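Visitor: could you look at this predicted model? Sequence included:
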Amino acid sequence: MASFRVRTPAEYLRILWRRRYYIAVPLVIVSATLGYVIYRLPNVYESSTLVIVDPAKVNTSVFLSPVGQIDITARLSTIRQKVTSRQELLQIIDRFDLYQDLKRANAPTEAILEEMRKHIDINVRNSGSGANAFTISFRGPQPEVVKNVTAELADRFINANTEVARQQITATKDQLNNRIVELKKRLDQIEKERTDYMMRHPEVVPGADQSMVGQMNSLSMVLQTLQNSIDSLRTQISSNQRLLASIRSQKEVEPGRPSKDEVTEGQLLAKREELDVQLEQLKKEFTDKFPEVKNLKAQIAGIDKKLEDLKKKREQEQTAKAAAPVDNPQIKNLEFQIEEDRQKLAQKQSELDQRNREYQALHQRLQSTPIQAAGIVSIERDYLTIKKEYEDSLSQKEKADMGAQVIQDLNGESFRMQDPAFLPEAPVLPKRGMLYPFSLMLGLISGLAIALAVEARYLFTIQDARDVAHYTHLPLLVTVPEIVTDDERRQRILWHAAGMVGVALLILVAIPLLVKAVQYSQVLNMFTGAY
């Protein structure tokens, strides 16, 4: 099968001329339809106002950092959400009687609100130091209404700015108040724990270790004094006992005859006193298991046994005597002195034991001070941390109060209307100067497409000598011209006239139908933004 024969530009032009009616009719219908619809599109007017962002008259960051450092773009986003909320927009729609067409069509309220949000435009103008101005624009079909709505939106933005700043400060103050109450509770609790711990462990109080060392030094001096007193009393008691034994021995023996028991008992008592002193000295440095301590205790026990034997012997001799002993005032005085010294010795010994216990208690407390101090360090660290947070929160609350007063008195960082909303003179939409050529182009494309569809089935058939040579590869020998009679010529004229009438009727019927279809579909609204 032979391939498709490529036509020359002249042949294509002849084809277009032959199918001129297929091109012209769609061109007229589509262009006229779109032109009429574009002409009937409602005019859309736009009004805008310029709002200047005035910096705070004082540095609000000095009073309240969280409020003074808010970015204007972020604040505008917050304010826009507030101004374009459902309640705010419904008030504006009802006040200016907007979107009556949608209301008559029973459109949902949310659809009407969304339509209005699309027609509100906020543009931020940045300077070198950040946003310092922004414009508010609104579009609508009525110039006067557009101007009034734009002015209303600007007023609401300006008022909302102050309200948002006040709400932010109020929220910050509420957060600070809640945190202050919480920190106060924690601070009171840890203060109670700190006080209870110090009462249970007074040694952790600053300076308590030096005080305990001083007390231990004082107790050491008292213990030494008591020990010296005890040693002195013991020596005095031993001396009086030897003297009393000597006097009693002199009474029991005959005059001028020396007593061997007296000499023996005195020597034993002196020896025992010497051993007692040595034993007391050793006990200060060594325990009872030390060999020398054991040896001294054994010697003292031996002397005590000998003294006990002499005492028993003397008692037997006294019992054997018929005569009663003669009272001696010196003996009674010595016995009274010995008894008094023994009471003093017992009292001193009791006081010594008490002081030793106090010394040991202080020593144990001093040794446990590092362990107890570790606990108070942790409590003290938590206490200081929470106290600092509490004081910082109080300082921030004071700054928040000052910041609120600044905004109330000086309006802080305020919005000021620089250019009021103006009355638009010319519509901004639709762009008819661009839409009319577009409609002509679309009509021409439609006609060309229809002409190409009609002609497509003839492009693969034999229509002239070139087609014969291309598809049959045979030379064309002869051509027969078309023979037309007068009747056929008249019939062709009639058919041509009838076709022209049909085309006119088609145009007249198709254009209104297409206009209705295009208007119903609102397809042009997607590109023009018209209502």
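Guide: Received the coordinates, thanks.

Visitor: the helix or strand where Q418 lies pairs with which strands, and in what direction?
Guide: Remark: Q418 resides in strand 414-419, with elements defined by DSSP states H and E. Neighbouring strands of strand 414-419 in its sheet, by DSSP bridges, are strand 45-54 (antiparallel).

Visitor: okay, now the domains of this structure?
Guide: Listed by automatic domain parsing, the domain ranges of the chain are 9-41+433-528, 45-180+397-419, 208-375.

Visitor: and the closest residue to E351 other than its chain neighbours, helix, strand or coil?
Guide: When the adjacent residues along the chain are set aside, E351 lies closest to L226, with 6.0 Å between them (C-beta to C-beta, 6 or more residues apart in numbering). No exception for glycine: its C-beta is placed from N, CA and C like everyone else's. In three-state terms, and counting by DSSP: H, G, I helix; E, B strand; the rest coil, L226 is helix.

Visitor: quick one: L226 from L345, how far?
Guide: When C-beta to C-beta, to the nearest Å is the yardstick, L226 and L345 sit 11 Å from each other.

Visitor: next, count neighbours for A426.
Guide: 8 (other C-beta atoms under 10 Å).

Visitor: give me the distance between it and V149.
Guide: For A426, the distance to V149 - C-beta to C-beta - is 18 Å.

Visitor: before we move on, what about V480?
Guide: Distance, V480 to V149, by C-beta to C-beta: 78 Å.

Visitor: ok, those two, which is more surrounded?
Guide: Between V480 and V149, counting by other C-beta under 10 Å, V149 is the more crowded of the two (25 against 5).

Visitor: may I ask which helix or strand encompasses that one?
Guide: When secondary structure is defined by DSSP H and E, V149 falls within helix 143-200.

Visitor: list the helices and strands that helix packs on?
Guide: strand 45-54, helix 65-68, helix 72-83, helix 86-96, strand 130-140, helix 329-410, strand 414-419 (3 or more C-beta pairs under 8 Å, 6 or more residues apart in numbering; DSSP states H and E).

Visitor: so how far is it off the chain centroid?
Guide: For helix 143-200, the distance from its own C-alpha centre to the chain's C-alpha centre is 15 Å (C-alpha atoms, centre = their mean, to the nearest Å).

Visitor: could you do stretch 488-502 as well?
Guide: Per C-alpha atoms, centre = their mean, the centroid offset for stretch 488-502 relative to its chain is 88 Å.

Visitor: output the contacting helices and strands for the helix or strand containing K311.
Guide: Counting by DSSP H and E, the element that carries K311 is helix 291-320. Using 3+ C-beta pairs under 8 Å, 6+ apart as the contact criterion, the neighbours of helix 291-320 among helices and strands are helix 208-252, helix 260-283.

Visitor: could I get the buried residue list for that helix?
Guide: Using 16 or more other C-beta atoms under 10 Å as the burial criterion, the residues of helix 291-320 that qualify are 293, 296, 299-300, 303, 307, 310, 314.

Visitor: would you list those residues in TSV and tack on pLDDT?
Guide: Rendered in TSV, the data for those read as follows (pLDDT from 0 to 100):
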residue	pLDDT
V293	79
L296	82
Q299	86
I300	84
I303	85
L307	81
L310	81
R314	74
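
Visitor: what's the most distant pair in the residues you listed?
Guide: Within those, V293 and R314 form the most distant pair, 31.4 Å apart (C-beta to C-beta).

Visitor: you'd agree L448 is up against I23?
Guide: Yes. Using C-beta atoms under 8 Å, L448 makes contact with I23 at a distance of 6.1 Å.

Visitor: ok, the closest residue to L307 other than its chain neighbours to A165 distance?
Guide: The spatially closest residue to L307, leaving aside those adjacent along the chain, is L268, at 5.4 Å (C-beta to C-beta, 6+ apart). Separation of L268 from A165 (C-beta to C-beta) stands at 106 Å.

Visitor: those two - which one has more neighbours?
Guide: Each of L268 and A165 had its neighbours counted (other C-beta under 10 Å), and the higher figure belongs to A165 (26 against 19).

Visitor: spit out the contact partners of V454.
Guide: With contact set as C-beta atoms under 8 Å, 6 or more residues apart in numbering, V454 has these partners: 19, 22.

Visitor: C-terminal to the helix or strand where it lies, what's the next element?
Guide: Following DSSP H and E, the helix or strand that holds V454 is helix 432-456. Scanning the chain past helix 432-456 towards its C-terminal end, the next helix or strand to appear is helix 465-472 (assignment: DSSP H and E).

Visitor: Y359 reaches L223, doesn't it?
Guide: Yes. Look at Y359 against L223 with C-beta under 8 Å: they come within range, at 6.7 Å.

Visitor: give me the neighbour count for I493.
Guide: I493 has 10 neighbours, counted by other C-beta under 10 Å.

Visitor: and the gap between it and G499?
Guide: Remark: distance between I493 and G499 (C-beta to C-beta) = 11 Å.

Visitor: and what of A74?
Guide: When C-beta to C-beta is the yardstick, A74 and G499 sit 69 Å from each other.

Visitor: output the lowest mean pLDDT helix or strand found in the chain.
Guide: Among the helical and strand segments of the chain, the one scoring lowest on mean pLDDT, DSSP states H and E is helix 65-68, with a mean of 42.

Visitor: any stretches of the stretch 151-300 of the chain with poor pLDDT?
Guide: 168, 198, 200-209, 212, 250-266 (pLDDT under 70).

Visitor: quick check: the closest residue in space to R75 that isn't next to it in sequence vs H470, distance?
Guide: The shortest distance from R75 to any residue other than its chain neighbours is 6.5 Å, reached at V164 (C-beta to C-beta, 6+ apart). As judged by C-beta to C-beta, V164 and H470 stand 80 Å apart.

Visitor: cool, thanks, signing off.
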